[in-house]
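*Asks:* What follows is a predicted structure for the sequence shown.
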Amino acid sequence: TQLLEQSPQFLSIQEGENLTVYCNSSSVFSSLQWYRQEPGEGPVLLVTVVTGGEVKKLKRLTFQFGDARKDSSLHITAAQPGDTGLYLCAADTGTASKLTFGTGTRLQVTL
Amino acid sequence: KAGVTQTPRYLIKTRGQQVTLSCSPISGHRSVSWYQQTPGQGLQFLFEYFSETQRNKGNFPGRFSGRQFSNSRSEMNVSTLELGDSALYLCASSWYGVENTGELFFGEGSRLTVL
């Protein structure tokens, strides 16, 4: 059983559309991170959210941490082909495996 | 500032062989973590080293091992390779260490194919 479930698994949209990616768990986290991984590259940190209910914006990307700190969402406005990649949420689960990554959402944005 | 460097980028091995992968962290970073990434299992934590000591270990068999040198460079070794070991192996370094959930800086990975 995955500790961090992401949905959807795959998303193919056209340029200009909006989308939301979800990261859910039954566990409470002290913080949660979102990474983006492009083909042939390692993941790159986009944002860290710490406070329940926190909302952070990064240009066209909006990240929200759930009030109970068990879930998070990533909303992209007016998607562009450069947003294509694998989006991963990650959290410190407090176990031996430490930073645990979600199952991932693969986004494809076409012209 | 140079990023995390992993070598080799690609390699092909046969079942039963062993492989050693290398990772040079960002200068000044003392924590190095290793992850295995496969399409089916996603990113899974292997182990983390800090100041030459293994601090955390994931749920992988003993065939997977690692070490860290005094200059923070790290190596991981997989012995008696199995087909299921085919994966992208990612190394990540951080300033504070995974325990503090600081940002992880990933390398481009070493893609291992086991035939």
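*Replies:* Cool, got the structure. These numbers come from a predicted model, not from an experiment.

*Asks:* Going by C-alpha atoms from here, please, whenever you check contacts or count neighbours.
*Replies:* Fine.

*Asks:* Go ahead and confirm A:Gln64 touches A:Leu58.
*Replies:* No - using CA atoms under 8 Å, A:Gln64 is not in contact with A:Leu58; the gap is 11.5 Å.

*Asks:* For the helix or strand where A:Thr100 lies, which strands pair with it and how are they oriented?
*Replies:* Using DSSP states H and E, A:Thr100 sits within strand A:99-101. Strand pairing for strand A:99-101, using DSSP bridges, gives strand A:85-92 (antiparallel).

*Asks:* So for the partner strand, what gets flagged as buried?
*Replies:* Across strand A:85-92, burial judged by 16 or more other CA atoms under 10 Å in any protein chain shown covers A:85-92.

*Asks:* Next one: the closest residue to B:Pro8 other than its chain neighbours from A:Gln64, what distance?
*Replies:* What sits nearest to B:Pro8 in space, not counting adjacent residues and going by CA to CA, 6 or more residues apart in numbering or on different chains, is B:Ser110, at 5.9 Å. Distance of B:Ser110 to A:Gln64, given as CA to CA, to the nearest Å: 33 Å.

*Asks:* The helix or strand of chain B with the lowest mean pLDDT pairs with which strands, and in what direction?
*Replies:* Every helix and strand in chain B was compared by mean pLDDT, DSSP states H and E; the lowest is strand B:53-57, with a mean of 89. Taking DSSP bridges as the criterion, strand B:53-57 forms sheet pairs with strand B:42-50 (antiparallel).

*Asks:* rewinding a little: so A:Gln64 and A:Leu58 - more neighbours on which side?
*Replies:* Of the pair A:Gln64 and A:Leu58, A:Gln64 is the one with more neighbours under other CA atoms under 10 Å in any protein chain shown, namely 22 against 10.

*Asks:* Give me the residues contacting stretch B:14-28.
*Replies:* Stretch B:14-28 has contacts (CA atoms under 8 Å, 6 or more residues apart in numbering or on different chains) with B:1-8, B:13, B:32, B:72-83, B:91-95, B:110, B:114-115.

*Asks:* The same query, at a cut-off of 6 Å, please.
*Replies:* B:3-7, B:73-82, B:93, B:114-115 (CA atoms under 6 Å, 6 or more residues apart in numbering or on different chains).

*Asks:* got the contact list for the residue of chain B found nearest chain A?
*Replies:* Nearest to chain A in chain B, going by CA to the nearest CA, is B:Glu108, at a distance of 4.6 Å. Residues in contact with B:Glu108 (CA under 6 Å, 6+ apart) are A:41-42.

*Asks:* hang on, the earlier thing: buried ones in the least confident helix or strand of chain B?
*Replies:* For strand B:53-57, using 16+ other CA under 10 Å, the buried residues are B:54-57.

*Asks:* so A:Gln64 bridges to which residues?
*Replies:* A:Val55, A:Ser73.

*Asks:* List the residues that contact it.
*Replies:* A:Gln64 is in contact with A:54-55, A:72-73, counting by CA under 6 Å, 6+ apart.

*Asks:* same question, B:Gly109
*Replies:* Contacts of B:Gly109 by CA under 6 Å, 6+ apart are B:89-90.

*Asks:* Swap in 10 Å and give it another go.
*Replies:* A:40-43, B:4-10, B:21-23, B:34-37, B:87-92 (CA atoms under 10 Å, 6 or more residues apart in numbering or on different chains).

*Asks:* what's the pLDDT at it?
*Replies:* Looking at B:Gly109, its pLDDT reads 97.

*Asks:* now do the one 4 residues further on
*Replies:* Looking at B:Thr113, its pLDDT reads 98.
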